[in-house]
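Q: predicted model follows, preceded by the sequence.
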Amino acid sequence: IWIWIAEGFVKCEKHETSLFDFGDSYFNELINRSMIQPIDINVEGKARACRVDDMVLDLILHVSTAKNFVTIFDGIKRKTSSQIKVRRLALQNSVVEPTMPQVTMSMSQVRSVIVFMPAINLMPPLSSFHVLRVLDIEGCELHNLRYVGNLYHLRYLRLRSKNYPLKSGELPVEIGNLQFLQTIDIIGLAVEELPWAFVQLRQLMCLRVGENTRLPGEMGNLASLEVLSTVFLDESPNFVKQLQSLTRLRELSMLA
């Protein structure tokens, strides 16, 4: 749902309704129409994930490729013509090939990139992307984030490590330049501390970090925050004082 929001697929004119709640109604409508199947049901009876029937998946792939909605690159064969402008890119590969070539298509119009292991070796440099809104990398190393601070249009950032947990390290402070960021999900990275610049992300609505990640002191500046997970109070003892400023927060996970 957060990806839908980042891409601009979820629009709501009612200010009292959050974009996530509106997107959740889309999700439930797809379930009701049997387009997707809910899995991983939580204690509240809500699906946290879904799967797609094989026949429906084949239809989705056929239509999305024909309409140039997504380009799938596996390092062996392109699923679309190189003459077509790439809008959304999915990198996937079932085998690890050290000599596998990187993607050579133009990335200037790409709005979304999702990388599945072990296709991280196919990933073009971030400097290739000019209008990127969604970046989801599985198998991320912190050195892969060079130039991430230049992705000014980025709304959604999700990073997962190759082998959990990743070697501890700090995220680039330049992430604070990404003023349109709405979602940061780095719960799969063993990052010791979030850069202080994170408190400048005034449009951030969802922040997911590992339980051992120390939060900046001025978290109360993130007035748009709706979801925050996971806060380890031993690592962030001043966080409780900041809670009163987070008036939109509806989901909070804390450990004492």
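A: Yep, it's here.
Q: for this structure, which segments count as strands?
A: 37-41, 47-51, 71-73, 88-91, 112-115, 134-138, 156-160, 183-188, 206-209, 227-232, 251-255 (DSSP state E).
Q: quick check, Asn68 in contact with Gln109.
A: No. Counting by C-beta atoms under 8 Å, Asn68 stays clear of Gln109, with 10.6 Å between them. In short, each C-beta sits where N, CA and C put it, glycine included.
Q: what touches both of the two?
A: Contact with both Asn68 and Gln109 is made by residues 85, 87, according to C-beta atoms under 8 Å, 6 or more residues apart in numbering.
Q: outline the domain layout of the protein.
A: 1-9+18-56, 68-126, 133-256 (automatic domain parsing).
Q: tell me who's in contact with the nearest residue in space to Cys50 that is not next to it in sequence.
A: Spatial nearest neighbour of Cys50, chain neighbours left out: Ile36 (4.3 Å); criterion: C-beta to C-beta, 6 or more residues apart in numbering. Contacts for Ile36 were tallied using C-beta under 8 Å, 6+ apart; they are 27, 30, 50-52, 56.
Q: most neighbours, which of these?
A: Ranked by neighbour count (other C-beta atoms under 10 Å), those have Phe27 at the top, with 17 neighbours.
Q: can you tell me, leaving aside adjacent residues, what's nearest to that residue?
A: Nearest residue to Phe27, sequence neighbours excluded (C-beta to C-beta, 6+ apart): Ile1, at 6.0 Å.
Q: which residues does the residue nearest the centre of the chain bridge with?
A: Centroid-nearest residue in the chain, with C-alpha atoms, centre = their mean: Arg158, separated by 3.4 Å. Beta-bridge pairing for Arg158 (DSSP bridges): Asp136, Asp185.
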